[in-house]
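Visitor: coords please:
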Amino acid sequence: MRAGRIAGVEIILNNWFLVLITLFTVAGLASKVMLVFGAVLWHELAHMLMAAGLGYKVKQIELLPFGATARIERLADAGAASEIMIAAAGPLASMVLAALCYAGIGEAGNWQEVLSFVGEVNLMLAGFNLLPALPLDGGRILRAILTRRRDYRNATAIVVMISNIISFMLLILAGLGYLLHNTINLTIIIAAGFLLITARTENDLAGFRAMRILASKKAELSVSGVMSTSHLTAMSNATISDVIRLFGPEQYYIIHIVDQDFRLCGALTETEVWEGLLKRGIKAKVNEFL
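Guide: Reported below is the predicted structural model:
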């Protein structure tokens, strides 16, 4: 559901978020709903400011049950360092606000209860978002770290597997709560369901990222006529998967191929690699692409 715009950024309320807010309201906690809403916006504002500082434009923010996700132009083309900085900004901002709330409780007078609640909400928001699960900030940070050694799709698959494990652990935790205390924790169940569904979506989208990045590079090179290039050297009998995992989003790649005597056999552009990959497969040898 569209909720309006803030500084030109469209605000979307996710259906899961609406369910959680409804549960708060039905439970007689309507007065605290706006505080939770504000905490989530504060968290996402930090993402927005970091993205803007790195030169990315935020088009849309979707408020989720335990955080939010920003639709940022060209974020899929960002390097690992930029993605980590943008993802970490939200939890850091939440922890800073929580610390300020707890530090001011002693002098808050009648506002002690409010400050305590806001501090607790922000602390929980930061903690949950740092879980290594997609689409949470912790999952994005972990995936960005993994992409330094693996290709994006493989890194996503690993984090999705961890996300599923966390989801099932949350369901088990909810089940134990029911067996031991005869209570149903709907918040945990919603969190588990949310992670299961959204992690699967992230996995489905990962396969398209490489093609989007290549298209973006081609467009930039066509417009400017010049682009920063990185050169790789590969043995002729190396597998193409070993080459692809070294591709990053911020440079165009030229691969120099050498034989067993380290003599140059030929060269491939990044475009030729991706086009040849469709015919020869990920396990093909580099010299098969010449």
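Visitor: list the contacts for Met95?
Guide: Asn122, Leu123, Ala126 (C-beta atoms under 8 Å, 6 or more residues apart in numbering). For every residue, glycine as well, the C-beta is placed using N, CA and C.
Visitor: quick check: of these, which has the highest neighbour count?
Guide: Asn122 (28 neighbours; other C-beta atoms under 10 Å).
Visitor: got the buried residues for the host helix or strand of that one?
Guide: Assessed by DSSP states H and E, Asn122 sits inside helix 112-129. Neighbour-count burial for helix 112-129 flags Leu115, Phe117, Val118, Gly119, Val121, Asn122, Leu123, Leu125, Ala126, Phe128, Asn129 (criterion: 16 or more other C-beta atoms under 10 Å).
Visitor: please apply the same query to stretch 92-105.
Guide: Along stretch 92-105, the positions that meet the burial threshold by neighbour count (16+ other C-beta under 10 Å) are Leu92, Ala93, Ser94, Met95, Leu97, Ala98, Cys101, Tyr102.
Visitor: okay, how far is it across stretch 224-237, tip to tip?
Guide: Criterion C-alpha to C-alpha, to the nearest Å; first-to-last residue distance in stretch 224-237 is 35 Å.
Visitor: for that stretch, give me every contacting residue.
Guide: Counting by C-beta under 8 Å, 6+ apart, 217, 220-221, 242-243, 246, 248, 250-260, 265, 285-287 sit against stretch 224-237.
Visitor: in strands, which of those fall?
Guide: Among the contacts of stretch 224-237, the members falling in strands (DSSP state E) are Tyr252, Tyr253, Ile254, Ile255, His256, Ile257, Val258, Cys265.
Visitor: any idea how many residues pack against the last one?
Guide: Per other C-beta under 10 Å, the neighbour tally for Cys265 reads 14.
Visitor: next: the third one.
Guide: A count of nearby residues for Ile254, using other C-beta under 10 Å, gives 15.
Visitor: tell me how far the nearest residue to it once chain neighbours are set aside lies from Leu214.
Guide: Nearest in space to Ile254, with sequence neighbours left out and distances taken as C-beta to C-beta, 6 or more residues apart in numbering, is His231 at 5.1 Å. The span separating His231 from Leu214 equals 17 Å under the rule C-beta to C-beta, to the nearest Å.
Visitor: higher neighbour count, these two?
Guide: For His231 against Leu214, the residue with the higher neighbour count under other C-beta under 10 Å is Leu214, and the figures read 18 against 10.
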